[in-house]
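Undergrad: no sequence on this one, just coordinates:
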């Protein structure tokens with residue numbers, strides 16, 4: 001006794017029948033839809049924010065944000081410069097230039113470095129507040145030695161903007177809070193800082209960047225790099241496996257077309273609903289490849305078997321028999 005197909009199944013079968021009976025028209029329509037979907041898929045963004053791992057409605061998250069606002073706590077991007085000596089005229093001039101250029105970047109609230117901190121000293125009569133590195137200090141060897149001694153002796157500077165041995169200097173970049181941000185602004189900021197470091201830092205001095213903004217930047221960089229390397233490699237391996245299994249190019253072409261179309265339309269759907277690839281959804285493209293391959297291979301394996309009756313009826317019969325199991329496999 002035959003089973004009565006449901007609404008979704010009838011729609012799928014009707015679409016398949018249209019493609020088999022009106023192949024040229026169907027190919028033109030499918031190609032148009034695919035081009036539109038590919039345009040949307042190409043615009044899917046990346047969100048490398050680690051906030052995706054946390055529920056914004058939980059008590060601890062809400063309290064954490066309240067503490068941040070109440071105490072004006074800011075995110076920082078930390079740049080560490082390492083060399084033989086951070087108190088040479090050339091290195092202090094480099095720190096000054098980097099500080100000024102970082103201050104001009106968007107979303108930067110403040111920059112703290114050896115060239116911006118004030119040294120507070122007191123005597124019997126008063127407190128004296130003056131810049132640690134004065135305007136004329138770079139040309140005075142005795143002044144540089146005094147600056148080094150004062151910086152390393154001050155617990156506010158030592159291990160904050162200068163290491164205990166004077167060979168590593170820190171530049172602390174305070175990033176203003178951006179409500180509702182997905183991390184893209186911080187990534188843009190870090191990218192601009194890295195470009196400045198590439199321009200300014202000479203040989204003999206190494207630069208290192210850290211902080212939440214830098215972590216998110218590198219997360220995004222690694223995610224895109226992994227996808228760019230893994231997806232082509234996965235497709236090549238799939239083609240090789242299908243060639244071994246079916247030994248015919250046309251039977252390999254059908255599953256690969258299905259895989260490509262499924263991937264493009266899935267990414268286009270993410271674009272339409274406003275989703276981005278993040279640390280959690282980065283696994284979606286590989287899963288789509290695996291699921292689409294399994295369904296397509298099942299269909300091809302059944303379709304190549306001899307069936308009774310006309311070819312179109314045979315292919316529609318295969319689609320009808322495999323609809324339910326392939327749908328359940330895809331959903332689970």
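TA: All right, it came through fine. As the structure is a computational prediction, the values presented were derived from the model and not from experiment. Numbering: from 1, shown residues only.

Undergrad: all strands for the stretch 101-250 of the chain, in order.
TA: Taking DSSP state E, counting those that start in this stretch to define them, one finds strands in the stretch 101-250 of the chain at 108-112, 118-122, 127-131, 168-175, 206-211.

Undergrad: Format these as CSV; extra columns: distance to residue 221 and mean pLDDT.
TA: Any C-beta I mention is one placed from the backbone N, CA and C, and that applies to glycine too. Output for those, formatted as CSV (distance: least, C-beta to C-beta, whole Å; pLDDT from 0 to 100):
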stretch, distance to residue 221, mean pLDDT
strand 108-112, 21, 89
strand 118-122, 37, 75
strand 127-131, 37, 75
strand 168-175, 18, 91
strand 206-211, 12, 90
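
Undergrad: Switch these over to JSON lines; also include mean neighbour count and distance to residue 289.
TA: Conversion of the strands of the stretch 101-250 of the chain to JSON lines gives the following (neighbours: other C-beta atoms under 10 Å; distance: least, C-beta to C-beta, whole Å):
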{"stretch": "strand 108-112", "mean neighbour count": "17", "distance to residue 289": "41"}
{"stretch": "strand 118-122", "mean neighbour count": "12", "distance to residue 289": "58"}
{"stretch": "strand 127-131", "mean neighbour count": "11", "distance to residue 289": "59"}
{"stretch": "strand 168-175", "mean neighbour count": "22", "distance to residue 289": "37"}
{"stretch": "strand 206-211", "mean neighbour count": "16", "distance to residue 289": "34"}
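
Undergrad: Please convert those strands to a markdown table, extending it with distance to residue 299.
TA: Shown next, in a markdown table, are the strands of the stretch 101-250 of the chain (distance: least, C-beta to C-beta, whole Å):
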| stretch | distance to residue 299 |
| --- | --- |
| strand 108-112 | 55 |
| strand 118-122 | 73 |
| strand 127-131 | 74 |
| strand 168-175 | 52 |
| strand 206-211 | 50 |
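
Undergrad: I'd like to know how many residues surround residue 202.
TA: Other residues near residue 202 come to 9 when the count uses other C-beta atoms under 10 Å.

Undergrad: cool, and residue 36?
TA: 13.

Undergrad: dump the residue contacts of it.
TA: residue 268 (C-beta atoms under 8 Å, 6 or more residues apart in numbering).

Undergrad: Which of the helices or strands spans it?
TA: Assessed by DSSP states H and E, residue 36 sits inside helix 23-41.

Undergrad: Neighbouring strands - and their directions - for whichever helix or strand comes after that helix?
TA: Sequence-wise, the next helix or strand downstream of helix 23-41 (DSSP H and E) is strand 46-47. With DSSP bridges as the test, strand 46-47 is paired with strand 277-278 (parallel).

Undergrad: could you pull out the helices for the stretch 151-300 of the chain?
TA: 184-200, 212-246, 249-272, 284-303 (DSSP state H, counting those that start in this stretch).

Undergrad: Contacts for the last one, please.
TA: Read it as helix 284-303. Applying C-beta under 8 Å, 6+ apart, the external contacts of helix 284-303 come out as 227, 230-231, 234-235, 238, 242, 245-246, 251, 254-255, 258-259, 262-263, 266-267, 270, 277, 314-315, 318-319, 321-322, 325-326, 329-330.

Undergrad: Off-centre distance for the helix holding residue 36?
TA: Averaged C-alpha coordinates place helix 23-41 at 29 Å from its chain's average position (C-alpha atoms, centre = their mean, to the nearest Å).

Undergrad: If we go by neighbour counts, what in that helix is buried?
TA: By 16 or more other C-beta atoms under 10 Å, the buried positions in helix 23-41 come out as 26, 34, 37, 38, 40, 41.

Undergrad: which stretches of the stretch 51-200 of the chain have low pLDDT?
TA: Within the stretch 51-200 of the chain, the stretches with pLDDT under 70 are 52-53, 67-74, 122-124, 128, 179-183.
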